[in-house]
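Novice: Kindly return the folded structure for what I paste below:
(2 chains)
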2 protein chains.
Amino acid sequence: MPERVINVATRPLNDYVFNVVVSFNQGISELVIKGRGKFISKAVDVYNALLRRLGDSVELIGVNIGSERFKGRRRAFIAIKIRHKS
Amino acid sequence: MPERVINVATRPLNDYVFNVVVSFNQGISELVIKGRGKFISKAVDVYNALLRRLGDSVELIGVNIGSERFKGRRRAFIAIKIRHKS
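Specialist: Numbering: from 1, shown residues only, chains lettered A, B, ... in the order given. Below you'll find the predicted structure:
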């Protein structure tokens, strides 16, 4: 099964937090929170909000940063890989 | 010796890139690029600009994210640890 990626962009922060919680409740234990360009900061905000909500049941597996082509432009990105400990 | 930290904030991107290059030239081989709040994205931009300038001589040791007290408020942060391979 391909890895689930939550792409953080213009929607309200809590929408993304909710997406992650729903994924965990569906039994998906690992996923990636991804942000590009100016949404990199918001992706970290989503991670921190998850920690506040779910506490120790959220484990940070690792963080990757870099740049990649997206919609024809080279954009900076962050990929935050997390695990839900049930 | 305490670890050198480059705090990314309101100055132009290239100022921070220059700070890192100067540190490497002073023989400091490991340092941390740190960004808080909305400057998290800019910290990743500094890292990507360094890769473009210095290529394979920059190695990403690891990325840490979280939140911490800063100037009386809880702020999200990113800490990008890099090494200069000489």
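
Novice: ok, A:Ala43 - how many residues close by?
Specialist: 28 (other C-beta atoms under 10 Å in any protein chain shown). C-beta: built from backbone N, CA, C; applies to glycine.

Novice: Same check on the one 10 residues further on?
Specialist: A:Arg53: 14 surrounding residues under other C-beta under 10 Å.

Novice: from what I can see A:Ile70 touches A:Lys34, true?
Specialist: You called it Ile, but residue A:70 is Phe. No: between A:Phe70 and A:Lys34 there is no contact under C-beta atoms under 8 Å: 10.1 Å.

Novice: residues shared between the contacts of the two?
Specialist: A:Phe77 (C-beta atoms under 8 Å, 6 or more residues apart in numbering or on different chains).

Novice: in what helix or strand does the nearest residue to A:Ile33 once chain neighbours are set aside lie?
Specialist: Closest residue to A:Ile33 apart from its sequence neighbours, by C-beta to C-beta, 6 or more residues apart in numbering or on different chains: A:Ile80 at 4.3 Å. Per DSSP states H and E, A:Ile80 falls inside strand A:73-84.

Novice: Buried residues of that strand, list them for me.
Specialist: A:75-82, A:84 (16 or more other C-beta atoms under 10 Å in any protein chain shown).

Novice: Among those residues, which pair sits farthest apart?
Specialist: Pairwise distances across the buried residues of strand A:73-84 peak at 28.0 Å for A:Arg75 and A:His84 (criterion: C-beta to C-beta).

Novice: how far away is the closest residue in space to A:Glu30 that isn't next to it in sequence from A:Ser57?
Specialist: Spatial nearest neighbour of A:Glu30, excluding adjacent residues (C-beta to C-beta, 6+ apart): A:Arg83 at 5.0 Å. Distance, A:Arg83 to A:Ser57, using C-beta to C-beta, to the nearest Å: 9 Å.
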